[in-house]
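# This is the structure alone, sequence omitted:
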């Protein structure tokens with residue numbers, strides 16, 4: 001058992017925070033003249049939870065990558081959804097992406113910086129994705145990056161790193177990440193909260209904790225701001241750099257040091273949660289999105305008819321995430337001050353011939369009926385899967401994939417255009433975006449609640465111009481889902 005203990009969240013206040021205006025000045029001074037194209041590889045759609053007015057491409061074709069390079073914006077996202085991939089597919093995809101990025105860079109004559117946006121609770125294909133990207137860049141660009149940077153800080157979700165120990169905030173406590181339910185993930189579990197020990201564990205000893213370069217809060221807030229950049233200049237041979245942060249000012253000061261190191265010729269890959277893309281993209285804060293920006297009169301129905309706001313049907317919520325937080329949020333949603341209809345998708349129909357298809361049809365019909373009445377349909381999967389005796393882990397995994405596809409097909413089969421769509425959970429939201437809505441490119445509008453992004457679907461999608469809310473399974477308080485649904489369900493006059 002690791003030695004780290006839960007601590008009171010007051011420790012964040014005790015640490016204080018750097019002067020915000022000074023941190024911003026330091027960052028902006030280094031940002032001047034920075035012209036690299038920032039490419040964010042998102043291992044599920046929730047990584048856009050801190051940005052706005054940026055493009056998201058749902059494939060990694062050369063055409064999409066080249067289009068991203070040609071945009072005026074300095075940043076674009078590629079949705080890989082690799083957290084749902086096997087290790088072999090992850091290797092293949094990241095090798096392809098590395099080669100295509102280098103090719104697009106040469107064609108456009110623009111240099112680049114790659115961020116692998118991963119989970120703020122440390123799940124995902126680490127270090128595999130970073131190693132494959134590094135090797136691909138070495139093969140196609142002729143140079144291995146000097147190092148990889150790990151910065152899982154994500155304030156909006158209550159994820160903080162102090163003295164290289166990563167914490168998850170829950171009810172007034174900072175819990176070492178390895179002691180949370182996320183560390184028990186069947187595919188991506190881990191047992192160390194100290195990032196150096198985590199790196200050693202996940203690399204199976206290929207990388208040693210003592211060899212990691214640590215950039216601590218004391219360095220970021222010390223009198224000599226050259227120290228963080230000097231630490232980065234020490235990197236070589238694909239070193240691992242671990243970064244503390246408990247507020248955005250820490251990230252700004254670190255990113256200033258990073259920009260200085262890049263100007264000095266260093267090259268890095270970044271593995272981070274959603275905070276670093278926002279800062280490096282120089283993306284300003286934006287108020288939370290309100291109903292008026294998302295649900296407007298003149299909506300287009302599935303049949304192409306213009307309707308007024310009053311005739312727009314209800315919305316739909318699709319909940320596939322099974323983490324405890326989602327279950328609690330669904331229970332609190334029942335208390336919402338708006339018309340709802342809860343529809344349980346029976347996952348155990350997967351053990352019947354054509355059972356899932358019939359269940360998807362049943363749920364789709366019910367959801368359509370409820371939306372036509374102006375109600376929001378809340379589709380959620382039953383919480384337990386009762387497998388027949390003798391089912392192997394591989395068979396259960398295949399069953400899970402079939403269930404996910406069937407649940408996603410509910411959106412795909414809709415003939416009623418919803419007022420809005422909310423997908424709960426990373427894999428669910430990716431499958432809805434790519435398979436059900438057929439989104440090729442979307443624009444991130446902003447966030448409806450902290451850490452909860454909204455995409456505006458493109459003209460090619462099943463429902464063009466639709467606000468699509470991507471709600472991570474592990475983000476928000478108990479009543480956050482309730483707040484989001486109430487915001488989107490009410491007409492403007494009801495909110496006054």
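Received, thanks. Since the model is a prediction, treat every value here as computed from it, not as a measurement.
# What strand or helix carries the nearest residue to residue 277 once chain neighbours are set aside?
Leaving aside its chain neighbours, residue 277 sits nearest to residue 40 (5.1 Å; criterion: C-beta to C-beta, 6 or more residues apart in numbering). Heads up, the C-betas are built off the backbone N, CA and C, glycines and all. Element membership for residue 40, per DSSP states H and E: strand 37-42.
# What pairs with the longest strand seen in the chain, parallel or antiparallel?
Identified as the longest strand of the chain according to DSSP state E is strand 441-449. Looking at strand 441-449 with DSSP bridges, its partner strands are strand 55-57 (antiparallel), strand 452-456 (antiparallel).
# Deepest-packed of those, please.
Stretch with highest mean neighbour count among the strands paired with strand 441-449: strand 452-456 (a mean of 24; mean count of other C-beta atoms under 10 Å).
# Give me the next element, helix or strand, following that strand.
strand 467-471.
# In this structure residue 217 contacts residue 244, no?
Yes - under the criterion of C-beta atoms under 8 Å, residue 217 makes contact with residue 244 at 4.6 Å.
# Who has more neighbours out of these two?
residue 244 (26 against 23; other C-beta atoms under 10 Å).
# Cross-check the contact I'm expecting between that one and residue 215.
Yes - Residue 244 lies in contact with residue 215 (C-beta under 8 Å); the separation is 6.5 Å.
# How far does the strand or helix carrying residue 408 sit from its chain's centre?
Assessed by DSSP H and E, residue 408 sits inside helix 393-413. Offset of helix 393-413 from its chain centre (C-alpha atoms, centre = their mean, to the nearest Å): 21 Å.
# picking that back up, who are the packing partners of the strand holding residue 40?
helix 62-70, strand 75-79, helix 87-108, strand 112-117, helix 275-280 (3 or more C-beta pairs under 8 Å, 6 or more residues apart in numbering; DSSP states H and E).
# Turn these into TSV, including mean pLDDT.
Below are the helices and strands packed on strand 37-42 laid out as TSV (pLDDT from 0 to 100):
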stretch	mean pLDDT
helix 62-70	98
strand 75-79	97
helix 87-108	96
strand 112-117	98
helix 275-280	97
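# sorry, back to before: need the residues that contact the longest strand of the chain.
With contacts defined as C-beta atoms under 8 Å, 6 or more residues apart in numbering, strand 441-449 is touched by 48-58, 64, 67, 77, 156, 286-289, 293-294, 433, 453-458, 460-461, 467-469, 476, 480, 483-484, 487-488.
# Can I get the buried part of those as one ChimeraX selection?
Here is the ChimeraX command that selects the buried residues among those (16 or more other C-beta atoms under 10 Å):
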select :48,49,50,51,52,54,55,56,57,58,64,77,156,289,294,433,453,454,455,456,457,458,461,467,468,469,476,480,483,484,487,488
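# coming back round to it: return the residues in contact with the residue nearest to residue 277.
Per C-beta under 8 Å, 6+ apart, neighbours of residue 40: 47, 75, 76, 77, 78, 115, 117, 277.
# go on, residue 41?
77, 78, 80, 82, 94, 97, 114, 115, 116, 117, 129, 133.
# so which of those comes closest to residue 316?
residue 77 (24.4 Å; C-beta to C-beta).
# how much space between that closest one and residue 455?
Residue 77 sits 10 Å away from residue 455, going by C-beta to C-beta, to the nearest Å.
# Verify the contact between residue 338 and residue 374 for me.
No - checked against C-beta under 8 Å, the pair residue 338 and residue 374 is beyond contact range at 9.5 Å.
# shared neighbours, residue 77 and residue 455?
48, 56, 444.
# which of these lies closest to residue 322?
Once C-beta to C-beta is applied, the member of the shared contacts of residue 77 and residue 455 that ends up nearest residue 322 is residue 48, at 22.6 Å.
# okay, now residue 284: neighbour count?
8.
# Now do the phi/psi pair for it.
phi -70, psi 160 (degrees, to the nearest 10).
# Distance of it relative to residue 53?
For residue 284, the distance to residue 53 equals 10 Å [C-beta to C-beta].
# go on, residue 23?
When residue 23 is compared with residue 53 (using C-beta to C-beta), they lie 23 Å apart.
# How about residue 324?
Counting by C-beta to C-beta - residue 324 and residue 53 are separated by 34 Å.
# Likewise for residue 476?
Counting by C-beta to C-beta, the gap from residue 476 to residue 53 is 23 Å.
# and what of residue 437?
For residue 437 relative to residue 53 (C-beta to C-beta), the value is 20 Å.
# Which residue, neighbours along the chain excluded, lies closest to residue 11?
Nearest one to residue 11, counting by C-beta to C-beta, 6+ apart, is residue 174 at 6.3 Å.
# and the next element down the chain from the helix or strand hosting the one you found?
Using DSSP H and E, residue 174 sits in strand 173-176. Note on strand 173-176: by DSSP H and E, the next helix or strand toward the C-terminus is helix 195-202.
# For that following helix, enumerate the helices and strands it packs against.
strand 165-170, strand 239-243.
# who does the longest one touch, helix- and strand-wise?
In this case it means strand 165-170. Under the contact rule (3+ C-beta pairs under 8 Å, 6+ apart), strand 165-170 is packed against strand 159-162, strand 173-176, helix 195-202.
# Appreciated, that's everything.
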